[in-house]
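[1] Quick one: sequence and predicted model below, then my questions.
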Amino acid sequence: MVEKIYLTYNDVHKLCKEAAPKILADFQPQLIIAIGGGGYVPARILRSFLKQPGSPNIPIQAIGLSLYEQLPITGPSDAVAGPPDQIGTKVTRTQWLDLSSLGEIQNLVGKRILIVDEVDDTRTTLEYAVKELEKDVEEARQRLGPGAGKTQFSIFVLHNKDKPKKGALPADMMEESRYLAARTVGDVWICYPWEATDIDAHDELAKKAYSNGTS
């Protein structure tokens, strides 16, 4: 049986608060890109902790990438946490950068951009996101000429699963500590609160797991 970990909104809030000082010290992002749908909530919470006095809020953009296929509900706990997901083999792009808000892709050249997602499972989605964003921005940089600065990307996830990865991230990103996971866990099924159809039952399961010392 697959072990389940239940996270409450308070848990997510605290993980973001804990990670924010390191992100500010190491990277100081100028733009956040949330990978939907798991990256939306942590990205918004994180922005509150990254805001500096006298500075505007960091803009948040969203991209939609899908790698998972939902399996049918098989038991009562699935009805609370949602049915388990089966990892797909191909990333599907469902949403990309909103250039009506950004203006032009050239506006991302030379910036520090933080990509946010909830979990680093096989790393396939993160690899796709970084490669595609780097490609788009590099094409824009080439159009601006040799004097244009290089865009730096970093990653924040709530959880990294300690397992063999199918995807890979740029070596310089890992070497320069531009990848941060609030927690590293085993290959478990993580139940996030935004996936729950009954939030009260979800929180009860989280509380029960905590009292049993399994969360």
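    Happy to help now that I have it.
[2] Now do the helices in the protein.
    Per DSSP state H, the chain carries helices over the ranges 9-26, 40-50, 76-81, 99-102, 124-144, 171-175, 199-211.
[3] Which among those helices is found nearest to Val116?
    helix 40-50 (4.2 Å; C-beta to C-beta). Every C-beta, even on glycine, is put in place using the N, C-alpha and C of the backbone.
[4] now the closest one and helix 9-26, what's the angle there?
    Calculated by axes from the mean of the first three to the mean of the last three C-alpha atoms, to 10 degrees, helix 40-50 forms an angle of 50 degrees with helix 9-26.
[5] Which strands or helices does helix 40-50 pack on?
    With contacts defined as 3 or more C-beta pairs under 8 Å, 6 or more residues apart in numbering; DSSP states H and E, helix 40-50 has these neighbours: helix 9-26, strand 31-36, strand 60-70, strand 112-120, strand 152-161.
[6] same question for the first one, mean pLDDT?
    Read that as helix 9-26. Averaging pLDDT along helix 9-26 gives 97.
[7] Quick check: which helices or strands does it pack against?
    Applying 3+ C-beta pairs under 8 Å, 6+ apart, we find helix 9-26 packed against helix 40-50, strand 152-161, strand 179-185.
[8] Tell me which residues of it come out buried.
    Tyr9, Asp11, Val12, His13, Leu15, Cys16, Ala19, Ala20, Ile23 (16 or more other C-beta atoms under 10 Å).
[9] Next: stretch 47-59.
    Arg47, Leu50, Ile58.
[10] how close does the second one get to Leu24?
    Read that as Leu50. Taking C-beta to C-beta, to the nearest Å as the measure, Leu50 falls 6 Å from Leu24.
[11] Could you point out which residue ranges in the protein have low pLDDT?
    Along the chain, the parts satisfying pLDDT under 70 run over 68-89, 102-103, 213-215.
[12] Redo the helices and strands packed on helix 9-26 as TSV? Include distance to Leu114.
    Output for the helices and strands packed on helix 9-26, formatted as TSV (distance: least, C-beta to C-beta, whole Å):
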stretch	distance to Leu114
helix 40-50	8
strand 152-161	5
strand 179-185	9
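[13] Just say which of those is most tucked in.
    Highest mean neighbour count among these (mean count of other C-beta atoms under 10 Å): strand 152-161, with a mean of 23.
[14] Helix 124-144 and that one, what's the angle between them?
    Using the same axes, to 10 degrees, strand 152-161 lies at 180 degrees relative to helix 124-144.
[15] now strand 152-161: how far from the chain's centre is it?
    6 Å (C-alpha atoms, centre = their mean, to the nearest Å).
[16] what does stretch 118-138 give?
    Averaging C-alpha positions (C-alpha atoms, centre = their mean) puts stretch 118-138 10 Å from its chain's average.
[17] One more: stretch 4-11?
    16 Å.
[18] Just the C-alpha atoms of that stretch, please, in CSV.
    Only the C-alpha atoms of stretch 4-11 are listed here, as CSV (Å, rounded to 0.1, in the frame of the first residue of the first chain):
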residue,chain,number,x,y,z
LYS,A,4,0.1,8.9,2.1
ILE,A,5,1.2,12.3,3.5
TYR,A,6,-1.5,14.9,4.1
LEU,A,7,-0.6,18.6,4.0
THR,A,8,-2.8,21.3,5.3
TYR,A,9,-2.8,24.9,4.0
ASN,A,10,-1.0,25.9,7.3
ASP,A,11,1.7,23.3,6.5
